[in-house]
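Participant: no letters, just coordinates:
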């Protein structure tokens, strides 16, 4: 059976004037998206600063042309964010529409079948860096705003637009922008065009994401690598010590064994488990797809609970000594490991990083020198309240558009925007991207399904009236 | 106080005619060594095959010119060995003189202060690839043969010369040569010019060396690296599994914890410990020199015993996931480690490798795929009998030359020639190299002390009559 995301037409929303307008203007809208995708707006690399400025100017001009007001750049020392607004809906709710116009670097270039910044359409898919993350979904959102304004002359809700330029480089100055422009940006909810559907065959809406903290450590046992014959037995082996340290981080049941790691965690409840079970997830099929065997999950825990609701401590990489071909009889003097922890609701990133650091210090033998470096501030986990009016609005819109209710799912990854917006502006975040997680996001040959482009534009066009309705119902 | 190896002159042997001849012919002999050092005889690299042939021809011609007979190449499919003999000493013992004319590759080239194949003398040191390993010490041996023949017209012992061309590439065809030419090569003892003094300040003779076996293993948990957020918690982390496996290889007392690992081992005895204690070794100074802290040795074991007599299991390198700068939120699907074990007397390399492989198989969790690869056949440990006449001859020669008895020491490393010669020809091996272990052997800026050059030539010249005497005494 084909899922609702896999059907091309007709969509239920086809009787809306805005949706009809979108269909009529599709080629022009798609052409504008291609123009945006041609700009190599790589925020992490200074060499692409001109393309970043060009992309910001492109969006600034576009926002004004489609009828938004006060279009301007918001800056806090880094790449600017594009801001614009339409506040003509009076007492209706105000929605902060979020997206980002920067993209990941395209390396490794040689693995692309067509150049990353020359968009190419093959088999109903649009291939380009940024196609799914986030220019394509962002453009659906803007096209819908344009369509509603063009057909109705007004939006049923107030909107503020925030298009970030540093999402792919850690949102370094976003907190500064949020603080400096708090009054400008404040709204009832943020709806983000970033993110993706979990699977191409499942209509879903993300209701929580995990937090993160990152650190790395090195152990050193001598001044340089030594001959394993001449010194072996007398001097500690840094690679072995590192392994012994890593091995203490989990217990025999595959649970994190770091004292204080779980402090503050809102443990998954029986209700959570019932909800996860209702998804009817095929654990064996999921694992087989990625070539993994069952049995690696923490004892007594299901796969979805482990991926969406429970914290993890993952080794991202280890390196020590010689790892080229053949044998090298070296006794490594230094070894390093990188760690990222995914956090559940209630855990504090800094406290978790401190707990891991303390654990390493306590377990390092006296004949090895340990250095621990924390990487960044991390991010808290985020959960959207189950009865949030914007969530209900999205669910109703999907039911209307696709004829099916979406499943509420979690995101194992981290969406820092949610926790930042909560922390700085006290607002909740709803994710609404028609990209799908299988679209080579951050990888070569990133693509966006043209079917998703059509569905996404229609979805946003139908969402605005649904939001006006759910907020009205909730307020009365 | 200056040790005997640190003194330049006068040496006690200066009243020997051969030693006087060596002093008189020093410049010519040194010039010939420089010519040999100019040949880039790198056996591991096919590109240097012409230089290998040139070096073999150089030595073949030289052996004939100094008065050795039957000079010829011995081959078994690889780089040939140079053979020659002088068998005019009747019932006196026959000594197989060993050296190798191939050298290590010189990389990294940019770290050399003068080109590796343009010998340069600075501060009484001769810098060149192969200067200490083994062309310099080998040349001392040949010069002494020439000196004794030139001054006495005969040697007091029979000699056979075996100059290998594949020592630096694992002696791949040496076993074949030994088997094919067993009658030609058979002698009372092999004395090797390869190896080195343990320290520049200590007159010593090596009486045992450790064996070795090598293996590497990989663990795999999925088809490719995964996003640590999307999959973390559901899929086993290959880096963590590898670390857990490595951590099982030693117990809390830092002793190898692999069942069967120690099978057959001749454990160090109280007598061994008394002999080691007599060396008066400065453990703290030794460790401080290499930037290592004390306490890493197996519980209850001294540093020298750990380095010379006990087996080890060392991790030579580990690699998994991302180890570049910054954070990469990857869940590694594969991880690898390289292991070499140094073996004590009595351990069988194949049995030890099998024990380690079995241990890994038994400890690998069911959700990881393990592959173990053994590298080569390994080598047994070797111990020279304490009353071996050639050992006594070397010790007497050193007492006569330096005015001091050498200390008997072990070699933590592996000298495969000793165990091969024992296995294939039933002969013992005595090491006599005037190189010093601190001479950047296998590293950039390898050097040979000119003082060692003079001492080495004199030592070999005095050794021949001492050997004739100790063998005669032992036989009567």
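Facilitator: Sure thing, it's come through. Please read these numbers as outputs of a predicted model, since none were measured by experiment.
Participant: what residues of the helix or strand where residue A:150 lies count as buried?
Facilitator: Per DSSP states H and E, residue A:150 falls inside helix A:136-152. By neighbour count on 16 or more other CB atoms under 10 Å in any protein chain shown, the buried set for helix A:136-152 is A:136-149. Quick note: C-beta positions are derived from backbone N, CA and C, even for glycine.
Participant: export those residues to JSON lines and tack on pLDDT and distance to residue B:437?
Facilitator: Formatted as JSON lines, the buried residues of helix A:136-152 follow (pLDDT from 0 to 100; distance: CB to CB, whole Å):
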{"residue": "A:136", "pLDDT": "98", "distance to residue B:437": "64"}
{"residue": "A:137", "pLDDT": "98", "distance to residue B:437": "65"}
{"residue": "A:138", "pLDDT": "98", "distance to residue B:437": "65"}
{"residue": "A:139", "pLDDT": "98", "distance to residue B:437": "68"}
{"residue": "A:140", "pLDDT": "98", "distance to residue B:437": "70"}
{"residue": "A:141", "pLDDT": "98", "distance to residue B:437": "70"}
{"residue": "A:142", "pLDDT": "98", "distance to residue B:437": "71"}
{"residue": "A:143", "pLDDT": "98", "distance to residue B:437": "74"}
{"residue": "A:144", "pLDDT": "98", "distance to residue B:437": "75"}
{"residue": "A:145", "pLDDT": "98", "distance to residue B:437": "76"}
{"residue": "A:146", "pLDDT": "98", "distance to residue B:437": "78"}
{"residue": "A:147", "pLDDT": "98", "distance to residue B:437": "80"}
{"residue": "A:148", "pLDDT": "98", "distance to residue B:437": "81"}
{"residue": "A:149", "pLDDT": "98", "distance to residue B:437": "82"}
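Participant: pull the most distant pair out of these.
Facilitator: Spatial extent of the buried residues of helix A:136-152 (CB to CB) is set by the pair A:136 and A:149 at 20.9 Å.
Participant: output the contacting helices and strands for the helix or strand harbouring residue A:457.
Facilitator: According to DSSP H and E, residue A:457 maps onto helix A:450-475. Judged by 3 or more CB pairs under 8 Å, 6 or more residues apart in numbering or on different chains; DSSP states H and E, helix A:450-475 is in contact with helix A:17-24, helix A:26-37, strand A:125-127, helix A:136-152, helix A:389-402.
Participant: looking at the ones you listed, which is nearest to residue B:242?
Facilitator: Evaluated over these, closeness to residue B:242 peaks at strand A:125-127, with 36.1 Å, by CB to CB.
Participant: for the residue nearest to residue A:354 when sequence neighbours are not counted, helix, strand, or coil?
Facilitator: Ranked by CB to CB, 6 or more residues apart in numbering or on different chains and with sequence neighbours excluded, the top spatial neighbour of residue A:354 is residue A:260, at 7.8 Å. Under the three-state scheme (DSSP: H, G, I helix; E, B strand; the rest coil), residue A:260 adopts coil.
Participant: these two touch, right, residue A:260 and residue A:356?
Facilitator: No - the pair residue A:260 / residue A:356 is not scored as a contact, 9.0 Å apart, by CB atoms under 8 Å.
Participant: residue A:271 belongs to a helix?
Facilitator: Yes - judged by three-state DSSP, residue A:271 forms part of a helix.
Participant: neighbours around it, how many?
Facilitator: When neighbours are defined as other CB atoms under 10 Å in any protein chain shown, residue A:271 has 8 of them.
Participant: can you tell me the residue of the stretch 351-476 of chain A closest to chain B?
Facilitator: residue A:413 (2.8 Å; CB to the nearest CB).
Participant: for that residue, give me the backbone phi and psi.
Facilitator: phi -80, psi -170 (degrees, to the nearest 10).
Participant: ok, now which ones touch it?
Facilitator: Going by CB atoms under 8 Å, 6 or more residues apart in numbering or on different chains, residue A:413 touches A:209-210, A:342, B:227, B:229-230, B:329.
Participant: mind redoing it with 6 Å?
Facilitator: Residue A:413 is in contact with B:229-230, counting by CB atoms under 6 Å, 6 or more residues apart in numbering or on different chains.
Participant: equivalent analysis for residue A:136, please.
Facilitator: residue A:448.
Participant: so the residue nearest to residue A:354 versus chain B, what's the distance?
Facilitator: Residue A:260 sits at a distance of 19 Å from chain B (criterion: CB to the nearest CB, to the nearest Å).
Participant: that residue contacts residue A:355, correct?
Facilitator: Yes - between residue A:260 and residue A:355 there is a contact under CB atoms under 6 Å: 3.8 Å.
Participant: more neighbours: these two, which one.
Facilitator: residue A:355 (22 against 13).
Participant: tell me if I'm right that the more buried one and residue A:263 touch.
Facilitator: No - counting by CB under 6 Å, residue A:355 does not reach residue A:263; the two are 7.4 Å apart.
Participant: hey, what's in contact with both of the two?
Facilitator: By CB under 6 Å, 6+ apart, no residue touches both residue A:355 and residue A:263.
Participant: quick one: what helix or strand has residue A:213 in it?
Facilitator: Counting by DSSP H and E, residue A:213 is found in strand A:211-220.
Participant: returning to what we had before: let's have the helices and strands packed on helix A:450-475 in JSON lines, adding distance to residue B:78.
Facilitator: Formatted as JSON lines, the helices and strands packed on helix A:450-475 follow (distance: least, CB to CB, whole Å):
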{"stretch": "helix A:17-24", "distance to residue B:78": "74"}
{"stretch": "helix A:26-37", "distance to residue B:78": "59"}
{"stretch": "strand A:125-127", "distance to residue B:78": "53"}
{"stretch": "helix A:136-152", "distance to residue B:78": "61"}
{"stretch": "helix A:389-402", "distance to residue B:78": "71"}
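Participant: nearest to residue B:111 among the ones you listed would be which one?
Facilitator: strand A:125-127 (45.8 Å).
Participant: how far out from the middle of the chain is that closest one?
Facilitator: Put simply, strand A:125-127 sits 20 Å off its chain's centre (CA atoms, centre = their mean, to the nearest Å).
Participant: summarise which helices and strands that strand is packed against.
Facilitator: strand A:447-449 (3 or more CB pairs under 6 Å, 6 or more residues apart in numbering or on different chains; DSSP states H and E).
Participant: and the strand it packs on, average pLDDT?
Facilitator: What strand A:447-449 shows for mean pLDDT is 98.
Participant: ok, stretch A:452-463 next?
Facilitator: 97.
Participant: got the contact list for it?
Facilitator: Identification of contacts with stretch A:452-463 by CB under 6 Å, 6+ apart yields A:11, A:13, A:18-19, A:22, A:137, A:140-141, A:143-144, A:147-148, A:397, A:401, A:434.
Participant: swap in 8 Å and give it another go.
Facilitator: A:5, A:8-9, A:11, A:13-14, A:16, A:18-19, A:22-23, A:26, A:29-30, A:33, A:126, A:136-137, A:139-141, A:143-145, A:147-148, A:191, A:393-394, A:397-398, A:400-401, A:432-436.
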